[in-house]
Each structure stands twice: as C-alpha cells, then as structure tokens.
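Student: Sequence isn't available, so here's the structure alone:
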C-alpha cells in the first residue's frame with residue numbers, strides 16, 4: 001500500500017479586522033494498492049478523527065459501501081490512520097446520507 005498526503009486550506013478573504021468568515025484546514029490521504037485508491041479526509045481541528053470518502057480508479061470515483069469495510073485496502077488504511085492518532089473513523093453512508101462509524105461494520 002502506498003500513502004500520499006496533501007494539505008489544504010479553505011478560507012474566505014479576511015475582513016477589515018483581519019477575521020475570516022470561514023477558515024479550515026484538512027489533509028487528504030490517498031491509499032493505493034496500484035489498482036484502486038481509497039480517499040480519506042482529516043480536518044486539523046478534529047485531531048482524533050478521519051472520514052473515508054470513497055474510491056477512485058482512473059478518472060472514475062465510487063462511494064463506499066458497507067461491504068467495503070472488509071476489503072484489505074480499507075483495513076490497512078484504517079490501521080494506518082489509527083496509528084497516526086485518528087482512531088475515530090467514519091464514512092458517508094449513501095443510503096442515509098449520514099456519517100457512520102467504521103467500527104459498526106468492521107469484522
């Protein structure tokens with residue numbers, strides 16, 4: 001498995017007092033097994049958690065599904081994220097449109 005990490009900042013323009021309407025920083029993790037890539041996002045102001053976003057293969061992207069929790073790449077990515085201090089892992093459930101804990105589905 002290879003891991004690539006990219007850092008991003010999203011912010012509004014500062015007002016006259018130098019304050020921002022919004023400002024957030026996050027990291028995107030790309031876990032790859034040379035066939036598929038699993039994407040995860042972790043906000044810097046939420047140090048103990050990360051969200052599994054979905055899959056990409058070439059130019060196509062796919063949502064995560066419940067059955068994906070047992071895929072080797074997901075399990076390796078979860079181990080990696082937990083080792084770097086992000087033990088709370090969630091994914092966006094397409095059916096409920098809400099976040100679900102990965103722990104609810106891991107074997």
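Tutor: Arrived safely. As the structure is a prediction and not an experimental result, all values here were calculated from the model.
Student: residues in contact with the helix or strand of the chain with the lowest mean pLDDT?
Tutor: Counting by mean pLDDT, DSSP states H and E, the chain has its least confident helix or strand at strand 98-101, which shows a mean of 78. Applying Cβ atoms under 8 Å, 6 or more residues apart in numbering, the set of residues contacting strand 98-101 from outside is 51, 88-93. All C-beta atoms are positioned from the backbone trio N, CA, C, and that covers glycine.
Student: Which of the residues you listed has the largest number of neighbours?
Tutor: residue 91 (24 neighbours; other Cβ atoms under 10 Å).
Student: Report the buried residues of stretch 46-56.
Tutor: 49-55 (16 or more other Cβ atoms under 10 Å).
Student: List phi and psi for the residue of the chain most remote from its centre.
Tutor: The centre of the chain is farthest from one residue, residue 16, which by Cα atoms, centre = their mean lies 34.3 Å away. Dihedral pair for residue 16: phi -70, psi -20, per degrees, to the nearest 10.
Student: mind checking pLDDT for it?
Tutor: Listed pLDDT for residue 16 reads 93.
Student: ditto for residue 22
Tutor: pLDDT, read off for residue 22, is 92.
Student: close enough to count as contact, it and residue 10?
Tutor: Yes. Taking Cβ atoms under 8 Å as the definition, residue 22 is a contact partner of residue 10 at 7.1 Å.
Student: OK, contacts around residue 102?
Tutor: With Cβ under 8 Å, 6+ apart, residue 102 has these contacts: 52, 69, 74, 78, 89-91.
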